[in-house]
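Chemist: fold the following for me, if possible:
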Amino acid sequence: MKKLSLLFLLMSYTVHARQKITWPYHKKAVIVLTYDDGLSSQLKVAIPQLDSAHLTATFFLIGKELIAFVKKVQNSGGLGVFMFHGVGGDYINTPAAAHRQLLAYLVKNRKDIWVATFQQAMDYVTQTEKIN
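Modeler: Prediction:
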């Protein structure tokens, strides 16, 4: 019960604390859809459904899907975020070989892809918004 009360308190705080933000395109709210664990159903079901609804989401991918995701981001000119829970072991494992292949791809395409920290990317977006 204490956990549930804390969850509602945090949700309430988040809603009230963020009311002063002016979202892009005069939107009243932002919803972030995330899909964890790189499950096959997410790739086969969720992505086509998102595409048909013209919505975007964040996917936590593992293995061979890593480079395919980077290529999709490259082609769209967008921003991609990887959040690794484990590499070569640990929880929600990304195989070491897949991680190595991803890094090799990023290095090979360094002229087209900026690899940055999340903070650097958000600072850049914020600064660009101020200029425009």
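Chemist: so who does the closest residue to residue 33 other than its chain neighbours touch?
Modeler: Closest residue to residue 33 apart from its sequence neighbours, by Cβ to Cβ, 6 or more residues apart in numbering: residue 57 at 3.8 Å. From N, CA and C alone the C-beta is placed, and that goes for glycine too. Contact analysis of residue 57 by Cβ atoms under 8 Å, 6 or more residues apart in numbering lists 32, 33, 34, 35, 46, 50.
Chemist: could you dump those residues to a markdown table with neighbour count, distance to residue 86 and secondary structure?
Modeler: Formatted as a markdown table, those follow (neighbours: other Cβ atoms under 10 Å; distance: Cβ to Cβ, whole Å; DSSP: H, G, I helix; E, B strand; the rest coil):
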| residue | neighbour count | distance to residue 86 | secondary structure |
| --- | --- | --- | --- |
| 32 | 7 | 22 | coil |
| 33 | 11 | 23 | coil |
| 34 | 10 | 17 | strand |
| 35 | 17 | 17 | strand |
| 46 | 15 | 22 | helix |
| 50 | 16 | 26 | helix |
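Chemist: confidence score at the residue nearest to residue 33?
Modeler: Listed pLDDT for residue 57 reads 78.
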